[in-house]
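Q: coordinates only, sequence not included:
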């Protein structure tokens, strides 16, 4: 009966389960307290005392079974475990099986659970604490258990000990795992949807919305760091003739080819995108006028030298570029690069022009 009596308040603090269980435990302890008082009043009647104690044990066992809990105590000075019938049942021991000294240590060690070390690592905590561990029951089934425990100091009737309420949370753990998996799937799908919403489906480059968002972000970053920033825009020369002569599938091949070249030319941290039709953009970080012009010319030349060896008609591109000024917004920088692009197309195509 060490599980009853003076540990009642601690046990109620530990039983952080649902409301029904708390009511059950409260009723049980109240019932046992009344039985104890009655037994003291009838101390001359041994038969009545034994009957009351038997009823208390039965009530405790019924409460454990109904609430699906087990009670565990570890007496620090004696190095002794004490398991309630409910806890033995959780581990798969039948009520008629003899539970000998050392069986608790054997069952825990067989499952690789050093419960004593786990709770002793929390001995400085005055409030109840929770732990989880997995076991294999004697019937071979794997179970996940939770223990809500608290360190109790020595008293006139009992030495220092740890009192714990053990529950089988296997189904709860499975639900939590299922919810976690569902959440991970939802997050992956959300990321995928977000990526698709920001990606040009034909070339795999950033689409216009993402390009403009990244441009605004990089402008803020460049202003804070003082690093230069450039926008390079390119347009495929005479692209309509490609579609009219070779068909739209060939035109799509050209767009994918230009997208691949642009991706290869862009540096780490740069942004490459297709902003519509046959127009592409390259946001070049830390690129001043000299660097931006060199990058734009290298890109123009790479497209011109590509040839028809990859199954798409040969094309050239016109390129316009602009570097960030102190008063530039994202739209302003974008518009100046676009203006330079149209100057390149008006002045013969397959060339690079710099914004004023």
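A: Noted; the coordinates are in hand. Since the structure is predicted, the reported quantities are computational estimates derived from the model, not experimental observations. Numbering: from 1, shown residues only.
Q: partners of the strand ranked longest in the chain, with directions?
A: As assigned by DSSP state E, the longest strand anywhere in the chain is strand 142-152. Here strand 142-152 is paired, per DSSP bridges, with strand 129-136 (antiparallel), strand 161-168 (antiparallel).
Q: how about TSV for these, with distance to residue 227 and mean neighbour count added?
A: C-beta: built from backbone N, CA, C; applies to glycine. Shown next, in TSV, are the strands paired with strand 142-152 (distance: least, CB to CB, whole Å; neighbours: other CB atoms under 10 Å):
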stretch	distance to residue 227	mean neighbour count
strand 129-136	50	16
strand 161-168	58	24
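Q: dump those into a markdown table; add distance to residue 219 and mean pLDDT as well.
A: Converted to a markdown table, the strands paired with strand 142-152 look like this (distance: least, CB to CB, whole Å; pLDDT from 0 to 100):
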| stretch | distance to residue 219 | mean pLDDT |
| --- | --- | --- |
| strand 129-136 | 49 | 92 |
| strand 161-168 | 56 | 90 |
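Q: closest to residue 343 out of those?
A: strand 129-136 (68.3 Å; CB to CB).
Q: what residue ranges in the stretch 51-200 of the chain score low on pLDDT?
A: Applying pLDDT under 70 to the stretch 51-200 of the chain flags residues 51-67, 156.
Q: can you map out the helices along it?
A: 85-90, 103-110, 115-120, 170-197 (DSSP state H, counting those that start in this stretch).
Q: would you tell me which one of these is buried the most?
A: Of all these, helix 85-90 has the most neighbours on average by mean count of other CB atoms under 10 Å, namely a mean of 22.
Q: mind listing residues that contact it?
A: Helix 85-90 is contacted from outside by 61, 64-65, 68-72, 95, 97, 99, 137, 143, 145, 166, 168, using CB atoms under 8 Å, 6 or more residues apart in numbering.
Q: filter those residues down to the ones in strands?
A: Members of those lying in strands (criterion: DSSP E): 69, 70, 71, 72, 143, 145, 166, 168.
Q: so how far is residue 280 from the closest residue to residue 227 other than its chain neighbours?
A: Leaving aside its sequence neighbours, residue 227 sits nearest to residue 286 (CB to CB, 6 or more residues apart in numbering; 4.7 Å). Residue 286 sits 20 Å away from residue 280, going by CB to CB, to the nearest Å.
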